[in-house]
Every structure is written in C-alpha cells, then in structure tokens.
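> let me see the structure of the following:
(one chain, ligands or ions: 1)
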Amino acid sequence: MFETFSKAPQDKIFALMAEIAADDRPGKIDLGIGVYKDDEGNTPIMSAVKKAEERILKSAKTKSYIGVAGNKAFSKAMVGLALDDAVPADRVRAAQAPGGTGALWVLMQLLKRGNPDATLWVSDPTWPNHKPMAENVGFTVKTYPYFDPETGKVRFEEMLKTLDGLGTNDIVLLHGCCHNPTGANLTPEQWDQVIASLQKTGAFPFIDLAYQGFGDGLEADSYGVRAVGGVLPEVAIATSCSKNFGLYRERVGCAMVIARDVAQADTANSQMLNIIRSAYSQPPDHGAEIVRIILEDEELKAEWKAELEAMRTRMVENRQKLADAIRTRSNSSDFDFVAEHRGMFSLLGLPKPVIDRLKTENAVYMLDDSRINIAGLGDERIQRLADAIVNATR
Ligand SMILES: Cc1ncc(COP(=O)(O)O)c(C=O)c1O
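Reported below is the predicted structural model:
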C-alpha cells in the first residue's frame, strides 16, 4: 500500500517555521506564520478567554456528546456577530465546525453536492489552503484578478470584469475582510459593485470571514458579509474564532448558509449535518463553549471587545510605523501601501532574490510570496526590518 506513495509537498508555512527554528542567529525576525503576536513575540491567551475557561471548569457537568451541529448557542451567537440583523434569522442555518478551515471544508462539500459541475473562483493570490481544499473536494478552481504587486492595491476593474463574465455554474470565494495574504481589501463601494455583479450573473457568493475585528473593527469588517447577505438570496459563510478570540488550537469556527426561504434553509442544513456526520461526526466543544460564554455575557463580551480592539489598533500602528520607517530611509513612498492595508498581513511584492537576501544577510524570514505578518513586530524590530528592506531593495 504505502509503497505506492511519493512524498506529499510540505505546507510552505510549516516549512518556513522549521527553517526559522533552525536559525540560531540572535535577533532573527519571524514574519511568517499567521498568528497574532505581542511586542515580545508571544501569542497570549485573552483574559476574557481565561475567565470563560474558569467558568467552564467550575460549572461543566458532562463531557457527553454535543451533537452533530455542535454547540448551538455558540452558532447562534456567531451568526449574530457576523450578520447582526442584516438577514432574517429563519433563512440562516449554522453549524459549529473545527476552525475556519473546518467550516470552509463543510461548505465546500455542501456546494459540491448542490452543484457538482460548478467552478470555484478564488482571488489571485489567496490563502494557500483554498485551492488544494477545493481541488480535494473535486472542484475545478480558477482565479480572478485581485492584487497588483506594483501598487499594493486591489486591481478592482479587472476583478469586476472577470466576475461580470461568470454565471450560475460559478462559485466566487471572497475574503470578508483582512485579505490573506495581501492585506488589500475591498471598500464598501467596491463590495456594492461586486454584489451588483453577482446579482446580475447569478454566480454563488462564498465568504471566508477569518479575521473579523482585525481590520477596521468588528462592525466595519462585517460590511461585506452583511451587504452580500442582505441582498443576495443564497450565500455560504465560513467564520473562524482562531484569530479574534486567539483560540487557534481549540479549532473553533462556524459554517453558515443563507437560503432563499425557510424550507430550503432546512434542507441545506440537513445536508450540512449529513456531511459532518460522515466526516468527523461532531466538532470539539471546549473552544466553542468559551466563545458562547463570552458572547452571551455583557461584561465578558465588553472585555473581549476591548482586548480585540487593542490588538487591532496595535497592528494598524505597526503598519504606520513600518511605512514611516521605510519612507524616512528610502525617501520614497514605495511602501506606503503597508499603512493602507488591513489585517495581519501585507504582501510586499518583493522578488525572490530580495527575499533570499533578507533571510541570509539579516535573518528576516517571510513567505516566498513576500507576505509579512505585521503583528509580530515590536518597535526595535520595525526599525531593523526597515533598514533591511531598504538595503535589500536599493
Ligand atoms: C483566509 C483564511 N481563511 C481561513 C483560515 C482558517 O483558520 P482556522 O482554521 O485556523 O480557524 C485562515 C487561517 O489562517 C485564513 O487566513
């Protein structure tokens, strides 16, 4: 059996992590993996999360099965967080999933059942797991233009032109906010144009909302998902609590569907549960219960929101500091776009030789598409990084 295999490719993020760990130069700068880090390079547990865990420890009475849909009160709270009252609740169904990745997978399986011949369109570039996952599910995957590395902005006209050419056999995967890897995002006006295009063509909207609260704030970051849900008859939405609750290893996410009417919402939900049952039977509860407790408790919710807001503003400040530091050294506005981007990442648009030079000469590590994680930078590292980038690109 196993002799038939050749070695599968290693995920490039995990390969980079191994490389960084093996580098013992002091002061190395890790801009790689997609987790939030404070100035000391730690990924702390949020205090609202700690408090919710203490409550679970004190009051939980059972570890019995939670059921195929998972923690239903969690899912209800997550629908509220993403959609508020933009969509009538009786058209929305949701199932807890193991992380945003799990939610994406459940929804891809569902959409494949709904339209086996559909083509799934992802942005160029996109999160490296979208394409392999969609291909594993059996979709033909194509890309729509998204990012212009020359300007650091969205190539919106080209994107729209491609979307305008789609039809009912197409599914369009959109990043709800904080685009990964680029950091360049649609404005509310651009979202409205995308919605008008989808309305015209009948292409199916599929939204990946993995960073709500990391960009312009919890409300602003949900503009796209609420606008799409408010106008279009059918939508699939995958959300994650990995980043905004810092629950990476607990694997907490939610798969949501918006259907045309109550009857179709119920059948879509039954299919979603059927997919989950035959895959992993039911999701893990601990992280979802933490989120439920926080979102249902006014005091804890306020504490969580304040912690999230502090993380968000720190990332925005880091962006400005890095853009300023590069500008003062290079006397050019070439990297000003970093301050305009939102979320944890920016794609710098650096060529491979420059990325390699930064690694060998400065122990600066970024992914080979030049994506950097802005969250892990303290003040001193921002200055050193600016020095290194300006030297390497001169
Ligand atoms: C765009 C995007 N979608 C989904 C995910 C999945 O997150 P998780 O499965 O860790 O919740 C990530 C994680 O990095 C992401 O960047």
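> is any residue of stretch 184-197 near the ligand?
No - using CB under 6 Å from any ligand atom, stretch 184-197 never reaches the ligand; the gap is at least 12.1 Å. Every C-beta, even on glycine, is put in place using the N, C-alpha and C of the backbone.
> pull out the buried residues from that stretch.
184-186, 191-195, 197 (16 or more other CB atoms under 10 Å).
> kindly report the same for stretch 243-256.
Residues 243-248, 250-256 are the ones in stretch 243-256 that count as buried (16+ other CB under 10 Å).
> who in the chain is up against the ligand?
Of all the residues in the chain, those lying near the ligand are 34, 99-101, 127, 175, 180, 208, 210, 240, 242, 248, 253, going by CB under 6 Å from any ligand atom.
> all strands of the stretch 51-200 of the chain, in order?
For the stretch 51-200 of the chain, strands defined by DSSP state E, counting those that start in this stretch occupy the ranges 92-97, 119-124, 140-145, 147-148, 153-154, 170-175.
> average pLDDT across the fourth one?
Mean pLDDT, strand 147-148: 96.
> how much space between residue 184 and residue 341?
Per CB to CB, to the nearest Å, residue 184 is found 6 Å from residue 341.
> same check on residue 46?
24 Å.
> tally of neighbours for the nearest residue to residue 209 once chain neighbours are set aside?
Closest residue to residue 209 apart from its sequence neighbours, by CB to CB, 6 or more residues apart in numbering: residue 176 at 3.3 Å. Taking other CB atoms under 10 Å as the neighbour definition, residue 176 ends up with a count of 26.
> pretty sure residue 176 contacts residue 205?
No - with contact defined as CB atoms under 8 Å, residue 176 does not reach residue 205; the gap is 10.5 Å.
> packing partners for the top helix by length along the chain?
In the chain, with assignment by DSSP state H, the single longest helix is helix 298-330. For helix 298-330, the elements it packs on are helix 47-59, helix 286-296, helix 337-340, helix 379-393, judged by 3 or more CB pairs under 8 Å, 6 or more residues apart in numbering; DSSP states H and E.
> give me the domain ranges for this structure.
2-45+301-393, 65-296 (automatic domain parsing).
> those: lowest mean pLDDT?
Set side by side, these show their lowest mean pLDDT on domain 2-45+301-393, which sits at a mean of 93.
> first to last residue in it, what's the distance?
46 Å (CA to CA, to the nearest Å).
> residues touching the closest residue to the ligand within the stretch 251-394 of the chain, list them.
In the stretch 251-394 of the chain, no residue comes nearer to the ligand than residue 253, which is 5.0 Å away by CB to the nearest ligand atom. For residue 253, the set of contacting residues under the criterion of CB atoms under 8 Å, 6 or more residues apart in numbering consists of 96-103, 238-242.
> please convert these to a markdown table, extending it with distance to residue 65 and neighbour count.
As requested, the contacts of residue 253 are exported to a markdown table (distance: CB to CB, whole Å; neighbours: other CB atoms under 10 Å):
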| residue | distance to residue 65 | neighbour count |
| --- | --- | --- |
| 96 | 13 | 34 |
| 97 | 16 | 30 |
| 98 | 15 | 22 |
| 99 | 20 | 24 |
| 100 | 23 | 25 |
| 101 | 22 | 19 |
| 102 | 17 | 25 |
| 103 | 20 | 29 |
| 238 | 24 | 27 |
| 239 | 23 | 30 |
| 240 | 23 | 26 |
| 241 | 21 | 29 |
| 242 | 24 | 22 |
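> still on that earlier bit, of the helices and strands packed on helix 298-330, flag the one that's most buried.
For the helices and strands packed on helix 298-330, ranked by mean neighbour count under the definition mean count of other CB atoms under 10 Å, the leader is helix 286-296 at a mean of 23.
> who are the packing partners of it?
Secondary-structure packing of helix 286-296 (3+ CB pairs under 8 Å, 6+ apart): helix 47-59, helix 72-83, helix 298-330.
> burial count for residue 143?
The local packing of residue 143 (other CB under 10 Å) involves 14 other residues.
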